[in-house]
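Enquirer: Pasting a predicted model and its sequence here:
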Amino acid sequence: MIITDVFARSFRHTTRRHSDSAGHAHPGPEHEVVQGILTIRTEDGHEGHSFAPPEVMRPHVLDKYVKKVLIGQDHRDRERLWQDLAHWQRGSAAQLTDRTLAVVDCALWDLAGRVLNQPVYKLIGGYRDKVLAYGSTMCGDEIEGGLATADDYGRFAEALVARGYKGIKLHTWMPPVSWAPDVKMDLKACAAVREAVGPDISLMIDAFHWYSRTDALALGRGLEKLGFDWIEEPMDEQSMSSYQWMADQLDIPVLGPESAAGKHWQRAEWVKAGACDILRTGVNDVGGITPALKTMHMAEAFGMNCEVHGNTAMNLQVVAATKNCRWYERGLLPPVPRVRRRAGLPEIAVRPDGRRGLRARARPARSRRGHRLRPHREQPRG
Ligand SMILES: O=C(O)[C@H](O)[C@@H](O)[C@@H](O)C(=O)NO
Ligand SMILES: [Mg+2]
């Protein structure tokens, strides 16, 4: 069916999640945030939706790039539409970002699922409908009852195992924590967690992203003694050669890149350079489900796992449609007292009507008081 309209709406909802300057989440007082929802509509009224920050789908980006590529096109031509948008990035003065490509690509996949009444992972080609989730902690903090000490991490790890997690990833202390970063404190937290959960739980770390080579190496060597499964983003991922240097010296698997630019092309370079042992992709990191799948399949060709970054239904579709990743990342989790305990393993089931998961998310969020929020729609130009 032919695409006839692309428009953005935004809505307000409350959250206790606060982000710091590195993009990490921390618990805090409830506050109101604005979220964006992109909709792609076809001539017969079918719609596909996806969420992103409103600035990612602002009128300038939709009018100057997205609508020019999509409107009048067959909604099923996701590969060509993605390539056309990706090629336009070079001349967009950095205005057409990977995050915009991601929200457009995900809305096109959602649209295809709704038209065919199928969950997206089944359209891609399902591999599984259950996957183990690892608990991905929030970063360390200086909050009473939070993750302020190594023992706090140990206690929280026990609580996560009690909820059924078989894997835990620690995001350790980073600025704005006053004394962070600190390799010795990172290792204390990791040791406390290993002590608390025993040898059979998979443990990983996602550390301060700007350690020096020597600090990152010291951290990696310490983790090897604790039997960790991987070390993630301890240095700036723009320096692939630093990761090559570190991977050459460590036995613990190096996982990445998460935040490095360059989509699946850059990840191919990391594989070629031996800069990682486990690859990483994520719908929001590489520009959508389409390039995330390209990354997964490329990793598979090299006999490598590729772990998918972050929550969301879109990342879950990629995990459910591929063999070479072990986990779904469930996070970021803070040790909040009111956590509802769910029975059984925290496996994330891709519901048979997985699309409804997207549809449910596509409705404007409801306020805590349960009434529908007033979505306001950017008036389509022209
Ligand atoms: O909000 C996020 O995605 C985090 O800050 C991100 O960095 C974290 O999810 C991560 O690194 N996971 O591996
Ligand atoms: Mg990470």
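Expert: That came through fine. Ligands and ions are numbered 1, 2, ... in the order given.

Enquirer: What ranges does this structure have for its strands?
Expert: 3-19, 25-42, 47-52, 130-137, 167-171, 202-206, 230-232, 254-255, 279-281, 306-308, 328-333, 347-349, 376-377 (DSSP state E).

Enquirer: Low-confidence bits of the stretch 251-382 of the chain, can you list those?
Expert: For the stretch 251-382 of the chain, the stretches with pLDDT under 70 are 337-382.

Enquirer: Can you report how many residues lie near the residue of it found nearest ligand 2?
Expert: For the stretch 251-382 of the chain, the residue closest to ligand 2 is Glu258, as judged by Cβ to the ion, at 4.5 Å. From N, CA and C alone the C-beta is placed, and that goes for glycine too. Neighbourhood size, Glu258 [other Cβ atoms under 10 Å]: 18.

Enquirer: same thing with Leu219?
Expert: 28.

Enquirer: Roughly how far does the residue most central in space within the chain sit from ligand 1?
Expert: Taking Cα atoms, centre = their mean, the centroid of the chain lies closest to Gly310, which sits 2.6 Å from it. Here Gly310 is placed at a distance of 5 Å from ligand 1 (Cβ to the nearest ligand atom, to the nearest Å).

Enquirer: Phi and psi next, for that residue.
Expert: phi 90, psi 170 (degrees, to the nearest 10).

Enquirer: contacting residues for it?
Expert: 282-284, 329, 331 (Cβ atoms under 8 Å, 6 or more residues apart in numbering).

Enquirer: are any of those residues buried, and which?
Expert: 282-284, 329, 331 (16 or more other Cβ atoms under 10 Å).

Enquirer: Any chance of TSV for these, columns distance to Ser21?
Expert: As requested, the buried ones among the contacts of Gly310 are exported to TSV (distance: Cβ to Cβ, whole Å):
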residue	distance to Ser21
Gly282	20
Val283	23
Asn284	18
Glu329	22
Gly331	19
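
Enquirer: Among the residues you listed, which pair sits farthest apart?
Expert: Using Cβ to Cβ, the two most remote members of the buried ones among the contacts of Gly310 are Val283 and Gly331, lying 15.4 Å apart.

Enquirer: could I get the buried ones among the contacts of Gly310 as a markdown table with distance to ligand 1?
Expert: Shown next, in a markdown table, are the buried ones among the contacts of Gly310 (distance: Cβ to the nearest ligand atom, whole Å):
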| residue | distance to ligand 1 |
| --- | --- |
| Gly282 | 8 |
| Val283 | 12 |
| Asn284 | 8 |
| Glu329 | 6 |
| Gly331 | 6 |
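
Enquirer: and Ala321, what is it in contact with?
Expert: 120-121, 124-127, 293.

Enquirer: any idea how far the closest residue to it other than its chain neighbours lies from Glu79?
Expert: With Cβ to Cβ, 6 or more residues apart in numbering as the criterion, Ala321 has its nearest non-adjacent residue at 3.9 Å, and that residue is Ile124. From Ile124 across to Glu79, the span is 12 Å (Cβ to Cβ, to the nearest Å).

Enquirer: Looking at the two, which one has more neighbours?
Expert: Ile124 (20 against 11).

Enquirer: Cool, thanks, signing off.
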